[in-house]
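S.K.: The sequence and its predicted three-dimensional model are supplied below.
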Amino acid sequence: MALRLPQRSEIWLFDCGEGTQHQFLRSELRLSQLRRVFVTHMHGDHVFGLPGLLASLGLAGNSDGVDLYGPDPLENYLKGVLNNTSSRISYPLGVHRVRDSATQKSILFEDKDLIVRCTSLTHRVPAYAYRIDQKPRPGRFNIDRAKELQIPPGPEYAALKRGEKVCLADGRRFDGKDFCGPTRPGASIVYCTDTLFCEAAIELAKDADLLIHEATYAHKDADLAFQRKHSTSTMAAQTAAEAGVNQLVLTHLSPRYTPTNAITANDLLNEAISIFPNTILAKDFLQIELSHNQ
């Protein structure tokens, strides 16, 4: 899952299964914009594509650096593969363990626009879910009032939009707060896989705009879900409902639910919709434009 950030040429990637490089080539995404990778856990279907992706980025020679976040074994795994294949990484590469942040419920990453948090899930190996919150944005700028007061467009407008105070060349002073509406809440997204139904996921996803959640099994196969510590479609929907999210996207479906089988992906979708109506199925190259819904 790739997250394209607003107003910056930057991509964040969540997990990196085998074939990720090929999907980049088939999409409109640019690998050179990759800045951060968040790994949920160390099972192969979530990390086998990462060494190759990082090596290709190094060969391209146009990266300013990549930061990786994930379970404790992630760094040793990458070092082993890259060293034993003589793969050269020509850009800064940082690896950050997320266990302490998940345990202490502290902020994993923060910049001027975004905050990332994580939590431990219930799986066969240490696994983590991630939440990205966009910080509140300035209120809408009243450009008509600025024109009425004959404030010249340009840097002054930009400063007023940021809520700053401005002194014009003619000596007049203005406060940006007088030109901006109420602060607008930012959007939020939660990526949750692999896990059995757990309270930690509900807590992390509270009031999120978008929850991307695994639905490996149909409700009929709940016994398998408990044995292998995965979620059913109904568990994913229950998580969304209890967390009060706006939209749910089901992903990580078992290949046993192909169109030719007795139970199909659409059946899992309908199971989830019966609990949480605003649910869709993930598919290759699905794009969702995220905004906060009050």
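M.R.: Yes, it's here.
S.K.: Only C-alpha atoms from now on, for both contacts and neighbour counts.
M.R.: OK.
S.K.: For residue 74, which residues are in contact?
M.R.: 42, 95 (CA atoms under 8 Å, 6 or more residues apart in numbering).
S.K.: what separates it from residue 66, distance-wise?
M.R.: Residue 74 is 14 Å from residue 66, where distance means CA to CA, to the nearest Å.
S.K.: and residue 133, that's in a helix?
M.R.: No: in this structure, residue 133 is strand, not part of a helix, as judged by DSSP: H, G, I helix; E, B strand; the rest coil.
S.K.: From here on, call the first residue 46.
M.R.: Got it, first residue is 46 now, which makes that one residue 178.
S.K.: Not counting the helix or strand bottoming out on mean pLDDT in the chain itself, show me its contacts.
M.R.: Here the helix or strand of the chain ranked lowest by mean pLDDT, DSSP states H and E is helix 200-206, holding a mean of 86. The contact list for helix 200-206, computed with CA under 8 Å, 6+ apart, reads 183, 185-186, 191, 196, 210-211, 213, 219-222, 224-225.
S.K.: in it, what counts as buried?
M.R.: 201-202, 205-206 (16 or more other CA atoms under 10 Å).
S.K.: so where does the residue of the chain positioned farthest from its centre fall, helix or strand?
M.R.: Distance from the C-alpha centroid of the chain peaks at residue 215, with 46.9 Å (CA atoms, centre = their mean). Residue 215 is part of no helix or strand when elements are defined by DSSP states H and E.
S.K.: Quick check: the gap between it and residue 196.
M.R.: Plainly put, residue 215 is 10 Å away from residue 196 if you go by CA to CA.
S.K.: Low-confidence bits of the stretch 96-245 of the chain, can you list those?
M.R.: Applying pLDDT under 70 to the stretch 96-245 of the chain flags no residue at all.
S.K.: and with 80 instead?
M.R.: 105-106, 182-184, 207 (pLDDT under 80).
S.K.: Break down it into its helices, ranges please.
M.R.: Counting by DSSP state H, counting those that start in this stretch, the stretch 96-245 of the chain has helices at residues 119-129, 144-149, 188-193, 200-206, 244-249.
S.K.: Can you mark which positions in the second one are buried?
M.R.: Neighbour counts over helix 144-149 (16+ other CA under 10 Å) mark 144, 146-147 as buried.
S.K.: possible to save the residues you listed as TSV with distance to residue 107?
M.R.: Compiled in TSV, the buried residues of helix 144-149 are given as follows (distance: CA to CA, whole Å):
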residue	distance to residue 107
144	31
146	31
147	32
